[in-house]
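>>> Just the structure for this:
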Amino acid sequence: MIEQPGKKKMLLFSGSSNVDLANKVASHLGTVLSKIETKEFASGEIYVRLGESVRGGDCFVMQSHSGDLNKTIMEQLLIVDALKRASAKRITAVLPFYPYSRQDKKALPREPISARLIGDLFMAAGVDRLVSIDLHTQQIQGFIDRPFDHLTALPLFVDYFKSKFDEPISIISPDAGGVKRATTFAKHMEAYVGFVHKKRDPKLHNEVKSFTVIGEVEDRHAILIDDIIDTGGTIAAASRILKERGAKSVNVVSTHALFSEGSVEKLKDAPIDKFIVTDTLQLNGNADKIGNVEVLSVSGIIANALTSIFTDDSVSALFMGENVL
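Numbering: from 1, shown residues only. Here you go, the predicted model:
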């Protein structure tokens, strides 16, 4: 717990998913996680009880959402409800990875807009503010009528690659929608920008029909940048066509590493030198099977943002405005 004498106190809580990241954030803040008891009944219901007084506190609730994400969502909502009923002054939900973010619009008739529903659930539970990292699309912020801070892991990737190659570099987005993200990255790397045009069937999820590379990659180091690696089909196919077009090397950068079922078969033999990902999600065993995965921590980025929120300073100033992609 961090206290400002006579003013306010900051408390950081964590759900059961990715406690390692929450502990790293607490360490950056110079504190420890606040006490909380969680357990699951035989019926599958989740029980939550706060282990200390939160009255008048500025409370932050961290939870990463992957694996059994419906359970982790419910657990975070229950923690928020407990804080609200215990008279917390302000409640901020920290979702390093925003669940259901790819369902942000209707691609076919009679579909839900699930990303909007997630925001509604957190608002109904009593959240005053949301924090997330590298949203799939910025329009998700517009689903929420309360403050929503969007952070980015881009500075971590820039630092990692800044002096890595002597030869020319091309930053490649695996789809047209990520070109702005790739352009921002390329600006810091003095690199060319390109993208892979992919044709999808909207009725078939996680399946791409064809690819075309737009941009210069021959005799250059190609860095594929995306917000999410899921089954890996798009990344694997994109890496192959980049190599066919003469790329010297192919590295993959992604903030959220899901590595879902089937990803090992698609990625293990792909011509990818290294995957650079972050710890917004707890890596599963598939990352070890793929083998060439390096993890950078977003804990410092989150800690700085939470400090700015607590002290009522600008969050965007931390990123020089580049968290708006």
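>>> What sits closest to residue 128 if chain neighbours are left out?
Using C-beta to C-beta, 6 or more residues apart in numbering and skipping residues adjacent in sequence, the residue nearest residue 128 is residue 90, 4.9 Å away. In this view, the C-beta of every residue, glycine as well, is placed from N, C-alpha and C.
>>> again, but for residue 120
Using C-beta to C-beta, 6+ apart, the closest residue to residue 120 is residue 143 (7.7 Å).
>>> measure the one you found to residue 270 for me?
Plainly put, residue 143 is 34 Å away from residue 270 if you go by C-beta to C-beta, to the nearest Å.
>>> quick one, what contacts the closest residue to residue 151 other than its chain neighbours?
In this structure, residue 151 finds its nearest non-sequential neighbour in residue 133, 4.6 Å apart by C-beta to C-beta, 6+ apart. If you count contacts by C-beta atoms under 8 Å, 6 or more residues apart in numbering, residue 133 has them with 96-97, 150-153, 255-256, 278, 280, 298, 301-302.
>>> Of those, keep whichever come out buried.
Buried residues within those, defined by neighbour count using 16 or more other C-beta atoms under 10 Å: 96-97, 150-153, 255-256, 278, 280, 298, 301-302.
>>> want to try CSV for these, with pLDDT, distance to residue 77 and secondary structure as columns?
Rendered in CSV, the data for those read as follows (pLDDT from 0 to 100; distance: C-beta to C-beta, whole Å; DSSP: H, G, I helix; E, B strand; the rest coil):
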residue, pLDDT, distance to residue 77, secondary structure
96, 98, 16, coil
97, 97, 16, coil
150, 95, 21, strand
151, 96, 21, strand
152, 96, 26, coil
153, 96, 25, coil
255, 97, 24, strand
256, 97, 21, strand
278, 98, 24, strand
280, 98, 19, coil
298, 98, 23, coil
301, 97, 24, helix
302, 98, 20, helix
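>>> which two in those residues are spaced the farthest apart?
150 and 278 (15.0 Å; C-beta to C-beta).
>>> Sort out which residues of stretch 167-181 are buried, please.
For stretch 167-181, using 16+ other C-beta under 10 Å, the buried residues are 169, 170, 171, 172, 173, 174, 175, 178, 179, 181.
>>> Please tell me how far the residue nearest the centre of the chain sits from residue 281.
Closest residue to the average C-alpha location of the chain: residue 97 at 3.7 Å, with C-alpha atoms, centre = their mean. Look at residue 97 and residue 281: by C-beta to C-beta, they are 5 Å apart.
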